[in-house]
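1. Coordinates for the following, if possible.
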Amino acid sequence: MTQVAEPRSGSAETAAEPTARVGHWIAGRRVSGTSGRSGPVYDPATGRLAREVDFASVEEVDAAVRAAVEAFPGWRATSLSKRTDILFRIRNLVHDNRERIAAFLTAEHGKVPSDALGEVARGLENLEFACGVPHLLKGGFSEQVSSGIDVYQIRQPLGVVAGITPFNFPAMVPMWMFANAIACGNCFVLKPSEKDPSASIYLGELLHEAGVPDGVFNVVQGDKVAVDRILEHPDISAVSFVGSTPIARYIYETGTRHGKRVQALGGAKNHMVVLPDADIDMAADAAVSAAYGSAGERCMAISVVVAVGDVADPLVAAIESRLPKVKVGPGSDPSAEMGPLVTREHRDKVAGYLDKGREQGADVVADGREHEVSKESEGFFLGPSLIDRVTPDMDSYRNEIFGPILEVMRVGTYDDAVKLVNESPYGNGTAIFTRDGGAARQFQFEVQAGMVGINVPIPVPVAYYSFGGWKNSLFGDIHMYGPEGINFYTRAKVVTARWPDPGTSKVDLGFPRTR
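-> Purely as a prediction, here's the structure:
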């Protein structure tokens, strides 16, 4: 049986130092890759190669799963009070080392420090929610459902579960997953993005220091080889995923075909509807904040402003006037508000939508390639870009851009705006800006999206609700983190019990009755 470890001291600081190569975290220690395959990790602000990351072989994934399988009986048997104690330690270590974690995000993703710290803070919310697991796992009890018979329900862990996480939130999304998973008594295997892998290893060090037993939390770096092995492995019971819609569909179909429980969160095209009565300055501030934060590399970023009626011209002018004031630069610049994109290839793909939009009849109001940082730096920068008079048939609208390009679509009425949102194949998040409470209530009632903001541009739920969209933004039935996350990582067991006087026992071949 696995023993619960006591807190360690001094390990996190040394683990945080950058290394020339990023390996795996298996059974409570760093493990160098043996596959002979690796990939580059860049500093997006300079364009220079920062380090290499090992790509796991099938055998290395198997080793991580084997460590988790061996750790599961002991971790499952660990008392809720002891698990909670460890979760509080994890929370405190992540909080105390949040600047170090944020530095990894800046170095490999390109986020400016304020944005990176914000990511860690939202991840911490999920750790804090998981600290309440004794309450979250409480079942129900019905006494005397029939003479001398009681019925109760308990929730039990699945076993070994896995998470496959995206490059845009290399710390927060893993915390969305593993916090609830291990709180419920599961063991966890993480496959982070190969573009920014270092934060995952540091999280492994912090969990180790907090007293998480070896094998309860593991990290395998890699590409499709690792992903496919996770989806096929017979000892993995469930898989959580966040990424693009095509890959989410693949993850869901492949995982469920191999008998796994799967939640796969896909892409988005989030609309912000602005009604004619809205406060123009408030709406413009919100649009700029929600479109260009984290260089637009957020699945909840506002990518389309839907301007209703005569609000369009003043709103576009207000947004355009704010763009020169957005400070674009590397994370080393304390005044920078927006950093680079994650890779050169992604930056070039995003920028290509500006040319395509112009070719297809849209007005390119602001071209981020003309920004001085974009022109002068070797980093993967693209300044804030704005495209007006976009129509539903344009490539920029039909695809998830995932970069700092905000599109404006003009419609005549509220009904036209709702129709536009509801006809989108995505249904992640949406928002409405208005002073009319009746219109806002009607919008929340009829709009087809999983998360809705009313004068809030990015309605990411707090940790005690759950995150997830509709339509092609979610494959599976259960949303992520929060109460639904607890349900995803557990299964219900109903127990019917009787403790009668043995003298009253008799044979009864009839169907069990309650009355």
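2. Quick one: the helices in the stretch 201-350 of the chain, in order.
-> All helices of the stretch 201-350 of the chain, identified by DSSP state H, counting those that start in this stretch, fall at 224-232, 245-257, 280-292, 312-322, 344-359.
3. Would you mind saying which of those helices lies nearest Arg122?
-> Judged by CB to CB, the one of those that comes nearest to Arg122 is helix 280-292, at 15.0 Å. (Glycine included, C-beta is placed from N, CA and C.)
4. Counting by contacts, list what the closest one packs against.
-> Other elements packing on helix 280-292 under the criterion 3 or more CB pairs under 8 Å, 6 or more residues apart in numbering; DSSP states H and E are strand 270-274, strand 302-308, helix 312-322, strand 405-411, strand 429-433.
5. could the helices of the stretch 201-350 of the chain go into a markdown table alongside mean neighbour count and distance to Lys138?
-> Putting the helices of the stretch 201-350 of the chain into a markdown table (neighbours: other CB atoms under 10 Å; distance: least, CB to CB, whole Å) gives the following:
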| stretch | mean neighbour count | distance to Lys138 |
| --- | --- | --- |
| helix 224-232 | 20 | 31 |
| helix 245-257 | 19 | 29 |
| helix 280-292 | 21 | 37 |
| helix 312-322 | 18 | 48 |
| helix 344-359 | 17 | 45 |
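6. distance of Gln144 from Val495?
-> 15 Å (CB to CB, to the nearest Å).
7. Show me the shaky parts of the stretch 401-515 of the chain.
-> Scanning the stretch 401-515 of the chain for pLDDT under 70 picks out 514-515.
8. The chain too?
-> In the chain (pLDDT under 70), the answer is 1-19, 514-515.
9. Scan it for its longest helix.
-> Identified as the longest helix of the chain according to DSSP state H is helix 58-77.
10. Can you tell me the closest non-neighbouring residue to the residue nearest to the spatial centre of the chain?
-> Among the residues of the chain, the one closest to the centroid is Val173, at 3.8 Å (CA atoms, centre = their mean). Sequence neighbours aside, Thr165 is the residue nearest to Val173 in space, at 4.5 Å (criterion: CB to CB, 6 or more residues apart in numbering).
11. Around that neighbour, how many other residues sit close by?
-> Using other CB atoms under 10 Å, Thr165 has 24 other residues around it.
12. pretty sure it contacts Ile251?
-> No. Taking contacts as CB atoms under 8 Å, Thr165 lies outside contact range of Ile251: 11.7 Å.
13. got any residues that touch both of these two?
-> Phe241 (CB atoms under 8 Å, 6 or more residues apart in numbering).
14. Give me the distance from stretch 95-109 to the chain's centre.
-> Distance, stretch centre to chain centre, for stretch 95-109: 17 Å (CA atoms, centre = their mean, to the nearest Å).
15. hey, C-alpha coordinates of it in CSV?
-> Taking Å, rounded to 0.1, in the frame of the first residue of the first chain, the C-alpha atoms of stretch 95-109 are listed here in CSV:
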residue,chain,number,x,y,z
HIS,A,95,0.5,30.5,-3.8
ASP,A,96,3.9,31.1,-2.3
ASN,A,97,5.6,30.2,-5.5
ARG,A,98,3.2,31.9,-7.9
GLU,A,99,5.8,34.3,-9.2
ARG,A,100,8.2,31.5,-10.1
ILE,A,101,5.3,29.7,-11.9
ALA,A,102,4.4,32.9,-13.7
ALA,A,103,8.0,33.3,-14.8
PHE,A,104,7.9,29.9,-16.6
LEU,A,105,4.7,31.1,-18.4
THR,A,106,6.3,34.3,-19.5
ALA,A,107,9.5,32.5,-20.7
GLU,A,108,7.8,29.8,-22.7
HIS,A,109,4.3,31.1,-23.6
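16. I'd like to check which residues are in contact with Ile230.
-> 61, 162, 164, 189, 191, 236, 239.
17. if you set the cut-off to 10 Å instead, what comes out?
-> 56, 61, 64-65, 162-164, 189-191, 220, 222, 236, 239, 241, 251, 254-255, 258, 260 (CB atoms under 10 Å, 6 or more residues apart in numbering).
18. Could I have the PyMOL command that selects the buried members from these?
-> Buried members of the contacts of Ile230, defined by 16 or more other CB atoms under 10 Å, are picked up in PyMOL with:
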select buried, resi 56+61+64+65+162+163+164+189+190+191+220+222+236+239+241+251+254+255+260
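19. tell me which residues in the helix or strand that contains Leu124 are buried?
-> According to DSSP states H and E, Leu124 maps onto helix 113-130. For helix 113-130, the neighbour count (16+ other CB under 10 Å) marks 113, 115-120, 122-130 as buried.
20. likewise stretch 372-390?
-> For stretch 372-390, a neighbour-count test (16+ other CB under 10 Å) marks 373-374, 377, 379-390 as buried.
21. Also stretch 431-448?
-> Per 16+ other CB under 10 Å, stretch 431-448 contains these buried residues: 431-434, 439-440, 443, 447.
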